[in-house]
Structure formats: structure tokens, C-alpha cells
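In: Sequence first, then the predicted structure:
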Number of protein chains: 2
Amino acid sequence: MVRTPEALARRQQRTERRQDQVLDAAEECFRVEGFHRTSMARIAAVADMSVGHIYQYFANKDALIIALSERRFAGFEALLMAAERDAPDATSQVDAWIAQFAWWIDPVRAPLTLEIMSEAGRNPKVAQVVERIDRRFREIMRRSLLPLAGAIPPGEIDDRLEAIVMLSHGMTSRITADPEADPDRLIAAFRLAVHGLLATA
Amino acid sequence: MVRTPEALARRQQRTERRQDQVLDAAEECFRVEGFHRTSMARIAAVADMSVGHIYQYFANKDALIIALSERRFAGFEALLMAAERDAPDATSQVDAWIAQFAWWIDPVRAPLTLEIMSEAGRNPKVAQVVERIDRRFREIMRRSLLPLAGAIPPGEIDDRLEAIVMLSHGMTSRITADPEADPDRLIAAFRLAVHGLLATA
DNA sequence: ATAATAAGAATGAATAACCATTCTTTTTTT
DNA sequence: AAAAAAAGAATGGTTATTCATTCTTATTAT
């Protein structure tokens, strides 16, 4: 049917809109119920479309999980790169970088992140997505964080970066499992630890 | 029926054996499949007993999840307290304490721990179990770790302990989600960060 | 000591709801 | 009118939980 380029573009746009509509609904459901207690029927209801129609845009439930994992980490990466780009001066750059993690540990977002991590333990495809963002995370840290740090013994660099990665994952866990946890206090503890890890030994 | 104390004791023992049998099977299943993809039928098969019989010892699947969460954290707590008790001298005590975390991040154990954390985000009963061990963890740190630390500004103590908690959760996440992660390297990073957090500012 | 009795332990089939996915039909767009 | 989009009923399983039943063990009566 499609002949004109405009029609094709319009069609593509609609497809993307529909995909986002499904992903938004799935995100909401997964956040509340987790991957494996959420039914396709529930997602369809929240997305306000029919069950079968979801399969027009995603091959199966697993594909939905993968796509959502990718979208989550893409958001995180974009944030870190934005922080890298427009920090006003070198001294406040580390704190600007740290402040970005408010997005990361948003109590509305964190449960799904943790669910992704847990799922990665048994779903190799999800593990691959996690592995990729992990690599990117380290790259960004090396490029934009290490130059701001004190003199670190070369043999310790990997361990210090690993500790920062651990801290960022730990925040997700804490904010999800402990409803009392205050995001600002977690960021404060994170800041303290990161500054320690970036200082000369 | 039961009158004699011996018979009663024997019965109790059998009950406990059976409960452990179920919990062991459930732990194995949950580890591989997660809470909500594991069926009671599967647990029964692994435990080598009938489906219906499980319900003699646990009210439902949820009770199984709770019991397992408790058992996991009880193991962790026992370990920390053992380390506290029989460390040879003060200087090596911190490292002895850190070394205990090898149990905690055992790749066979970590996935279930992470699953528990994730489940805590939506199951209030599990959240309560997590909250309790979290409190105990901090108590133990205050009692056995802080006396070994350098002079820490009083206002920073909470943040530093929080950072250690975050690190320990982060290790679980890392070891679960990243199949390449080396437990020894994670412990090394953990040690480096903890020593930094316990040193005088 | 042995048989009869009672009670707990264990089974596995029955139930009823729910699940992911596919297929057919209807509606909307071009 | 043709094609794509959307709907929702149909399919074939799987699920947690219950229940009627049988097997084992312990106590009592003989």
C-alpha cells in the first residue's frame, strides 16, 4: 500500500508511538508486579490496546523485557554523558556527576532496575544488556572522572572504579528494599565514598 | 495420640527435617528460576515429596519465600557474629570481617539474595525481613567495626556505615548480573573502599 | 506381647483460574 | 477497493491450592 515517502514516515512514527505506549505500560506493570507476575493481558489493559496487538510490535514477553532493560540503561547513559558535557568547571564536576544519580535512584525507577539485575542472573540476553552498560559506565568514568581525581596508584584504579560501580548498584538495592531509605542520604553517603575513592591514597 | 515426651520430640524433629527438605529444594529452584517462575510442583519434585504435602509445613508459596529470606539472612548474621567473636587480634580484625563476605557473594548464593531484595520492593513481608537484618547489620558494625576505625567526624558515621551497606549490596548485584565478575576482585575492591571509609578523614 | 484403634503423615488427582501466544474477524486508513 | 491496524475470541498449557484417600506410626486394650 505505502507509496509516498511521507506516508512511510507517518507509518514509522505511529509504530514508534505504539511501541512506546506498550513499553510505558509494561514499565508500570513490571515496576509494581515484577516481570513474571505481570500478564500480557494486564499490560494490554494499561496500554489501552488489545492483547494480540502487542505482538505486532514485540515478538514475545521476553523481547519486551529486553527492550525495557535497554531503554532503562540508555536513559542512564544519556544522563552521565550530559553531566560530562556541561559541567561548569573542573572542581564542581565530580559533584555534578554524582548529582546525576538522583535519577538513577528515583524510588519509582529503582525497583525495575533491580528486577533487571536479578533477571540478568538467569536470562543471558538480559545479562548481555547489563554487561554492555557496565562497560560503557567504566569508559565514561575513566574519561570524565579519573582526570579529576588525585594521584591514584595505577594498580588500584580498577578496584576503585569497581567500588564505585558497586556503590551505584548498592543504592538501587537499598532504595528498593528499604522503603524508609532517604534518597538524599544515600546520595550523601555515595558522595562521601566516591570522594574518598578519588582522593590520593 | 502423642503423649510421651520422646514421641513428641521425635515428631518435632521429623517436622523440622521435612521443613528443611522443602526449603532446600525451594532454594535450589528459586536460585535457578526465581520466585515466580518456580512452580510448587517443581519444588515438590526436587524435594522428592508430593505437592500437597508441602502445604502441611508451609501455608502457601509466600510463606516459603519468607522462610527462605529469613534463613538466608540468619546465615549472614551468624557469620558476622562469628567473625566478631574469634578474630585473633585487633589489627587483622577488619580484614577478618571483610573476608566473611566471601560467603555473602558466593555466586551460588548471590542470585537468591538479589531476588529477595527485588521482591522486598513489592512484598511488604519480605521488606520487613530485610529491614530487620539491615538494622542488625548496622548494630554489628557499630559494635565491632567502629572501635577499630580511625577518628571519624561524628556527623559522618552514619554516612560511612551506609556506604558500607551499599557496597555489600552492590557486590550481590555485581556478582549476579555479571557472569564475568571475579569474586576475589570484588572483595578486593570492597576491602579497599571499606578501609578508606574507616580511616581518619 | 499382640491386636485393635486412633491420629498424623503423605499422596496425587481434581479444581478453577490464569497464562502466553495464535488465529480469525472487524475496523480504520490510504 | 486494498492494505494495514486493531480487536478479541480460541488454543493449549500451566498454575497454586484443596481434598478425598491411603499408608505409617503411636497408643491403648486385651
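Out: Received the coordinates, thanks.

In: What strand or helix carries the residue of chain A found nearest DNA strand D?
Out: Residue nearest to DNA strand D within chain A: residue A:52 (1.8 Å; C-beta to the nearest atom of the strand). For the C-beta atoms, the positions are set from N, CA and C on the backbone; glycine is no exception. Using DSSP states H and E, residue A:52 maps to helix A:51-54.

In: Check the gap between the residue of chain A closest to DNA strand D and residue A:162 for me.
Out: 46 Å (C-beta to C-beta, to the nearest Å).

In: out of the two, which sits in the busier spot?
Out: Shown here are residue A:52 and residue A:162; by other C-beta atoms under 10 Å in any protein chain shown, residue A:162 has more neighbours (24 against 9).

In: The nearest residue to that one once chain neighbours are set aside: what's it in contact with?
Out: Excluding the flanking residues, the one nearest residue A:162 by C-beta to C-beta, 6 or more residues apart in numbering or on different chains is residue B:189, at 3.8 Å. Counting by C-beta atoms under 8 Å, 6 or more residues apart in numbering or on different chains, residue B:189 makes contact with A:158, A:159, A:160, A:162, A:163, A:166.

In: Name the member of those with the most neighbours.
Out: Within those, neighbour counts (other C-beta under 10 Å) peak at residue A:163, which reaches 29 neighbours.

In: Check the offset of the strand or helix carrying that residue from the chain's centre.
Out: For residue A:163, the host element (DSSP H and E) is helix A:157-177. Centroid separation for helix A:157-177 versus its chain: 14 Å, with C-alpha atoms, centre = their mean, to the nearest Å.

In: ok, now stretch A:96-103?
Out: Taking C-alpha atoms, centre = their mean, one finds the center of stretch A:96-103 at 13 Å from the center of the full chain.

In: Between the two ends of it, how far is it?
Out: Stretch A:96-103 stretches 13 Å from its first residue to its last (C-alpha to C-alpha, to the nearest Å).

In: Spell out whether that stretch and chain B are in contact.
Out: No - using C-beta under 8 Å from any C-beta of the partner chain, we find that stretch A:96-103 stays clear of chain B, coming within 11.4 Å at best.

In: contact partners of that stretch?
Out: The contact list for stretch A:96-103, computed with C-beta under 8 Å, 6+ apart, reads A:75-76, A:79-80, A:82-84, A:87-88, A:109, A:144-145, A:168, A:171, A:183, A:187, A:190-191, A:194.

In: Show me what counts as buried in stretch A:96-114.
Out: Neighbour counts over stretch A:96-114 (16 or more other C-beta atoms under 10 Å in any protein chain shown) mark A:97, A:98, A:100, A:101, A:104, A:105, A:109, A:110, A:111, A:112, A:113, A:114 as buried.

In: So for it, mean pLDDT?
Out: Across stretch A:96-114, the average pLDDT comes to 95.

In: The residue nearest to residue A:166 when sequence neighbours are not counted: what's it in contact with?
Out: Excluding its sequence neighbours, the residue lying closest to residue A:166 (C-beta to C-beta, 6+ apart) is residue B:170, at 3.2 Å. For residue B:170, the contacting residues are A:165, A:166, A:167, A:168, A:169, A:170, A:171, A:173, by C-beta under 8 Å, 6+ apart.

In: and the gap between residue B:170 and residue B:146?
Out: Residue B:170 is 21 Å from residue B:146, by C-beta to C-beta.

In: check the contacts of stretch A:96-103 against chain B, which are close?
Out: Among those, chain B is touched by A:168, A:171, A:190 when using C-beta under 8 Å from any C-beta.

In: so which of these is the most crowded?
Out: Counting neighbours by other C-beta under 10 Å, the top entry in these is residue A:171, with 26 neighbours.

In: so what's that one scoring on pLDDT?
Out: 98.

In: same thing with residue A:12?
Out: Confidence at residue A:12, expressed as pLDDT, is 86.

In: what do you get for residue A:117?
Out: Per-residue confidence (pLDDT) for residue A:117: 98.

In: and the residue nearest to residue A:40 when sequence neighbours are not counted, what does it touch?
Out: Nearest residue to residue A:40, sequence neighbours excluded (C-beta to C-beta, 6+ apart): residue A:51, at 5.5 Å. By C-beta under 8 Å, 6+ apart, the contact set of residue A:51 is A:40, A:41, A:44.

In: three-state assignment of residue A:107?
Out: Counting by DSSP: H, G, I helix; E, B strand; the rest coil, the backbone at residue A:107 sits in coil.

In: What residues does the nearest residue to it once chain neighbours are set aside make contact with?
Out: In space, and not counting its chain neighbours, residue A:107 is closest to residue A:175: 5.6 Å by C-beta to C-beta, 6+ apart. Taking C-beta under 8 Å, 6+ apart, we find residue A:175 in contact with A:105, A:107, A:110, A:181, A:183, A:186.

In: Just the closest of those to residue B:19, please.
Out: residue A:181 (32.5 Å; C-beta to C-beta).

In: how far away is the residue of chain A closest to DNA strand D from residue B:32?
Out: From residue A:52 over to residue B:32 (counting by C-beta to C-beta), the distance is 32 Å.

In: Now residue A:125: which helix or strand?
Out: helix A:124-144.

In: That helix - contacts with which helices or strands?
Out: helix A:61-85, helix A:110-120, helix A:157-177, helix B:157-177 (3 or more C-beta pairs under 8 Å, 6 or more residues apart in numbering or on different chains; DSSP states H and E).
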